[in-house]
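Pasted the sequence and its predicted model underneath.
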Amino acid sequence: MKHIVKIFSLVVAITALWIGLLQSSVIPRSHTWLLPVYFVVSLGCYGLLMVGVGLMNFPTCPQEALLLQKDIVEAKEYLKQRGVDVSSS
Amino acid sequence: MDAQNKNQANKYSIIVPTYNERLNIGLIVYLIFKHLNPDGTQDMVIQLQKVYGEDRILLRPRPKKLGLGTAYIHGMKHASGNFVVIMDADLSHHPKYLPKFISKQMETRADIVTGTRYVKGGGVHGWNLIRKLTSRGANVLAQTFLWPGVSDLTGSFRLYRKSVLEDIINCCVSKGYVFQMEMIVRASRKGYHIGEVPITFVDRVFGSSKLGGSEIVEYLKGLAYLLVTM
């Protein structure tokens, strides 16, 4: 099944739930009309939260830059000894 | 590659597309051979002393810069292995992870093993805050809408079973990094088993304007395309 169909079905299910709530008056009408807005806003907030958390925990590897420099030196040495031109131009 | 895998039937071809990577390609080749030899330094030196051998390094140039997707296809025509690794030539992808890719594939019998920079054990160096923010934002968007099943969608350090790579590459139409996303999402939708290996990514291309406004628009368009067509 195409992914967009899955998402569409999810949206349809949620919409059906919303319409059901509207008709059954379990929650006061004024609130029910606003539910989609609440939903989108919370989704947006959740997204922002995930971005923030991810940003704080973004894995970094400064030591890898140093290791890479060492590897480059080692590789250049090796190739130079074997007559390979290792100038940067 | 020699007798370094218990399963002698597997052969790994490594495709490294290059453009203006004169020095880096020499360094990459050295590092590839260093890390794919398990027997230690002395044996490595003996091997390397044969100066690699033309049957192991193939240079297949094209008349001019023609694009990454076609570079992969071109490379694959000359690849004799049953597995293909693709990696960048600018040393942001370190060959020391190659054994990890190979062993992950053997453990899990995965069709694709992709390097991920975003999990513990992986990481990035050389990105400023804005770059990290856009990367993280892009990732959250993609995860929310695409449910791709992998943590790093735009990464291009991957091991593919050759038949799988051939299958998906012919269907892909995007360009640039959206191409990498399309490859992995297509593979996921087709039901291929995808494994992940944490990798570190050292971005040495400082100051490159990779994330301008047009890049963001291109990304969103790519995301929308993948959302609707997959």
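Everything's here; your move.

For the rest of this, base every contact and every neighbour count on C-alpha atoms.
Will do.

can you list the residues of chain B near chain A?
Within reach of chain A by Cα under 8 Å from any Cα of the partner chain, chain B has these residues: B:22-23, B:26-27, B:30-31, B:117-125, B:132-133, B:136-137, B:140-141, B:146, B:200-202, B:227-230.

So which residues of the chain form helices?
With no chain named, the answer covers chain A. Ranges of helices in chain A, per DSSP state H, are A:3-24, A:29-56, A:62-81.

I was after chain B.
Ranges of helices in chain B, per DSSP H, are B:22-35, B:41-49, B:68-77, B:98-108, B:129-146, B:162-169, B:176-189, B:213-229.

Could you say which of those helices is packed most deeply?
Sort the helices of chain B by mean neighbour count, taking mean count of other Cα atoms under 10 Å in any protein chain shown, and helix B:176-189 sits at the top with a mean of 21.

what's the offset of it from the middle of its chain?
12 Å (Cα atoms, centre = their mean, to the nearest Å).

One more: stretch A:26-44?
On the basis of Cα atoms, centre = their mean, stretch A:26-44 sits 25 Å off its chain's mean C-alpha point.

Report the buried residues of that stretch.
Neighbour counts using 16 or more other Cα atoms under 10 Å in any protein chain shown place residue A:32 of stretch A:26-44 among the buried residues.

Give me every residue in chain A lying close to chain B.
Counting by Cα under 8 Å from any Cα, the residues of chain A near chain B are A:2-4, A:47, A:50-51, A:54-55, A:58-62, A:64-65, A:71-72, A:75-76, A:79, A:86-89.

Filter those residues down to just the buried residues.
Neighbour-count burial (16+ other Cα under 10 Å) is assigned, among those, to A:3-4, A:47, A:50-51, A:54-55, A:58-61, A:64-65, A:71-72, A:75-76, A:79, A:86.

Would you mind measuring from the residue sitting nearest the centre point of chain B to residue B:84?
Closest to where the C-alpha atoms of chain B average out (Cα atoms, centre = their mean) is residue B:157, at 2.0 Å. According to Cα to Cα, to the nearest Å, residue B:157 and residue B:84 sit 11 Å apart.

ok, back up a step: excluding covalently adjacent residues, which one is nearest to the residue nearest to the centre of chain B?
For residue B:157, ignoring the flanking residues on the chain, the nearest one in space by Cα to Cα, 6 or more residues apart in numbering or on different chains is residue B:87 at 4.7 Å.

Next, give phi and psi for the one you found.
phi -150, psi 160 (degrees, to the nearest 10).

Number of residues surrounding it?
By other Cα atoms under 10 Å in any protein chain shown, 22 other residues sit near residue B:87.

For it, which residues are in contact?
B:14, B:15, B:16, B:17, B:93, B:156, B:157, B:158 (Cα atoms under 8 Å, 6 or more residues apart in numbering or on different chains).

let's see 7 Å
Residues in contact with residue B:87 (Cα atoms under 7 Å, 6 or more residues apart in numbering or on different chains) are B:15, B:16, B:93, B:156, B:157, B:158.

And for residue B:137?
Residue B:137 neighbours (Cα under 7 Å, 6+ apart): residue A:51.

Which pLDDT does the model give it?
The confidence metric pLDDT takes the value 89 at residue B:137.

I'd like the distance between it and residue B:187.
23 Å.

Same question for residue A:7.
19 Å.

likewise residue A:16?
Distance, residue A:16 to residue B:187, by Cα to Cα: 33 Å.

follow-up on the earlier one: out of the contacts of residue B:87, flag the one nearest to chain A.
Closest to chain A out of the contacts of residue B:87 is residue B:93 (10.4 Å), distances taken as Cα to the nearest Cα.

Surely the closest one touches residue B:201?
Yes: taking contacts as Cα atoms under 7 Å, residue B:93 lies within contact range of residue B:201: 6.1 Å.

Which one of the two is surrounded by more residues?
Remark: of residue B:93 and residue B:201, residue B:201 carries more neighbours, 27 against 23, as counted by other Cα under 10 Å.

dump the residue contacts of the more buried one.
B:92, B:93, B:117, B:123, B:124, B:125.

In chain B, what helix or strand scores lowest on average pLDDT?
Using mean pLDDT, DSSP states H and E, the weakest-scoring helix or strand in chain B turns out to be helix B:41-49, at a mean of 45.

Dump the helices of chain A into JSON lines; add mean pLDDT as well.
Shown next, in JSON lines, are these (pLDDT from 0 to 100):
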{"stretch": "helix A:3-24", "mean pLDDT": "86"}
{"stretch": "helix A:29-56", "mean pLDDT": "88"}
{"stretch": "helix A:62-81", "mean pLDDT": "89"}
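
so which of the contacts of residue B:87 comes closest to residue B:219?
residue B:156 (15.7 Å; Cα to Cα).

which phi and psi does that closest one have?
For residue B:156, the backbone dihedrals (degrees, to the nearest 10) come out as phi -130, psi 20.
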